[in-house]
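*Asks:* structural data only, the sequence is not supplied:
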């Protein structure tokens, strides 16, 4: 019994000791715990507050970038070759803030690519995002936010939206609790059909470059507009005249009001009145069917909008773009360059023509055929209305329309013909030059010497409306040459060589560092005009005081053009009459009319070819031109007989050939 009590006491003592040890250990642990800082709490997922703010800034900057890219033809910032050349884009405001680039320029495809646009957008978002974030000052009272890496952006232009992913590591600490968060990636999706708009733009540009739809449409407008003369024969006494400025204004107005009528097939356009089958049935008929007796015409009525269907519908491919609207836009403020030939001093004139003397002897016949050179820009605006949650999105680009000799210019799609361009020396355009020098030598005759290197030839480079001075040819290292640098903004311009006493030479630059140009020397002669009666071709007499002679001489069969127009005597001029010819062998086509002051009657003239050479010119200072005067004098209304004589009578042509003479 005593032994059992001792065992119980021992267990009690051991238990008490264990409680004391455990209590002491807990005391020591609690003391130590109070001295240690709290264990940090790390979350791998971003907090909604900061992350949402960053993503909202990404959404804002990305949207602004996409809108800017769409407004500038797929470019956030224009490439240097476009930015430095004012003729390679369409400026939509006087300050050139909004500029729409030509997607095709001087033989170069300058349209953007999808990867290129993605890179531009990513770069723009990376650049502009910090401004929107504003160093997170909106959260400075609650959080300490530190950047742990630079911003990296990736953009994907998907089928129906634009997706933006940004990597931007931020260490965020909440000041009140010390809670820390690490943010790494942010994503946003822009509801904008950029890819769709771009694909339609490419289809339109490719179709235009392949089929010249707008050039053909322009020539159609010129042909059909009665206010724009092209080719015609009309019975009208007296010369018909038009001002080139008026014709240009008329064409600009026609384009402005007719281009909105163009419907691009397979886009969102107002439907035609009938199904396609009705119009295609009409396409099986041609003009010959309507000219038959009786006419072979459709039995059913022709749709009222058939003309619109066949003349204003632009087929750019079979892809369905029904969710997009595309407009072709031209405004007179965009500008236009126009050259019309023949014209002089901005005036276009008809020519009195030749008709049948038996049938048309009582009529005044006017014939004209004008050749147009026209260059102007158009804007293509593509709109998608559901983008940006119903606010819509517009993608713009520009194209040049070029008519050369009444036809589409397919070889140099955006190079203005220098003959109908007014040039100015633009410091910015001409100052940005290539790094490779161009060496130019100019050859020509000087006096009686054979062709040699010519000094003091003024050289320039003409591109669109700009002319850049390249200097003069001078003697260097035993040769006469000039060294210059071409502007970077245009690779298919014209080298121009000018020297007094020579014909101006224009030669298109197609590459190379050593260029050789040739100048044709000219010579000016005094002009003397005498006449012979058609009844006495062997005797000549001076012109009567009331006689007026109109002379047109042009060189034929040469690689250059040279034409002279002379009125004798020249009104309000006391200087001796003169005429300039090529100083060498040349075949001339001559057309001369003899009339009277204040009269519209043609009394005679000269029509034919004449060959001149240097031997005939030697030691002579005057060109004597001989004209025939019809006898008896024709009356008003007998112009047809006069022109029959001038064109067909060979006797007077042989007897009255021009000749070089010496006068005192």
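*Replies:* Looks like it arrived, so ask away. Here the structure is a predicted model, which is why all the values come from computation and not from measurement.

*Asks:* do you know how far residue 510 is from residue 72?
*Replies:* Note on residue 510: its distance to residue 72, by CB to CB, to the nearest Å, is 31 Å. Where C-beta positions appear, they are placed from N, C-alpha and C, glycine not excepted.

*Asks:* next: residue 399.
*Replies:* Counting by CB to CB - residue 399 and residue 72 are separated by 15 Å.

*Asks:* residue 231 and residue 368 touch, don't they?
*Replies:* Yes: with contact defined as CB atoms under 8 Å, residue 231 and residue 368 form a contacting pair (7.1 Å).

*Asks:* would residue 641 count as being in a helix?
*Replies:* Yes: assigned with DSSP: H, G, I helix; E, B strand; the rest coil, residue 641 falls within a helix.

*Asks:* looking at residue 510 and residue 72, which is more packed in?
*Replies:* residue 72 (22 against 8; other CB atoms under 10 Å).

*Asks:* which phi and psi does the more buried one have?
*Replies:* phi -120, psi 40 (degrees, to the nearest 10).

*Asks:* got the contact list for it?
*Replies:* 78, 98-101, 396 (CB atoms under 8 Å, 6 or more residues apart in numbering).

*Asks:* one more time with 7 Å, if that's ok
*Replies:* Contacts for residue 72 (CB atoms under 7 Å, 6 or more residues apart in numbering) come out as 78, 99-101.

*Asks:* thinking again about what came up before, which one's more surrounded, residue 231 and residue 368?
*Replies:* residue 368 (19 against 11).

*Asks:* which SSE is immediately downstream of the strand or helix carrying the more buried one?
*Replies:* Assigned by DSSP states H and E, residue 368 belongs to strand 365-369. Later in the chain than strand 365-369, the nearest helix or strand by DSSP H and E is strand 371-384.

*Asks:* each with direction, which strands does that following strand pair with?
*Replies:* Strand 371-384 sits in its sheet next to strand 325-329 (antiparallel), strand 337-341 (antiparallel), strand 393-404 (antiparallel), going by DSSP bridges.

*Asks:* need the next SSE after it, C-terminal direction.
*Replies:* Past strand 371-384, the next helix or strand by DSSP H and E is helix 387-390.

*Asks:* flag every buried residue along that following helix.
*Replies:* 387-388 (16 or more other CB atoms under 10 Å).

*Asks:* how about stretch 109-124?
*Replies:* 110-112, 117-118, 120-122, 124.

*Asks:* need the contact partners of stretch 497-512.
*Replies:* 418, 442, 444, 454, 456-459, 492-496, 517-522, 560, 562.

*Asks:* distance between the ends of it?
*Replies:* 17 Å (CA to CA, to the nearest Å).

*Asks:* one step back: anything in contact with each of residue 231 and residue 368?
*Replies:* With CB under 7 Å, 6+ apart as the test, residue 231 and residue 368 reach no residue in common.

*Asks:* which residue is nearest the centroid of this structure?
*Replies:* residue 400 (3.2 Å; CA atoms, centre = their mean).

*Asks:* correct me if wrong: that residue contacts residue 374.
*Replies:* No: at 10.5 Å, residue 400 does not count as touching residue 374 under the criterion of CB atoms under 7 Å.

*Asks:* report the contact partners of residue 562.
*Replies:* Counting by CB under 7 Å, 6+ apart, the residues that residue 562 touches are 503, 554-555, 582.

*Asks:* keep only those of those that are in strands.
*Replies:* 554-555, 582 (DSSP state E).

*Asks:* any chance of TSV for the residues you listed, columns neighbour count and pLDDT?
*Replies:* Formatted as TSV, the ones in strands among the contacts of residue 562 follow (neighbours: other CB atoms under 10 Å; pLDDT from 0 to 100):
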residue	neighbour count	pLDDT
554	16	84
555	19	88
582	20	90
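
*Asks:* tabulate those (JSON lines), appending distance to residue 383.
*Replies:* Compiled in JSON lines, the ones in strands among the contacts of residue 562 are given as follows (distance: CB to CB, whole Å):
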{"residue": "554", "distance to residue 383": "51"}
{"residue": "555", "distance to residue 383": "54"}
{"residue": "582", "distance to residue 383": "57"}
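
*Asks:* just these now: which is nearest residue 632?
*Replies:* Lowest distance from residue 632 to those (CB to CB) belongs to residue 554, with 32.0 Å.
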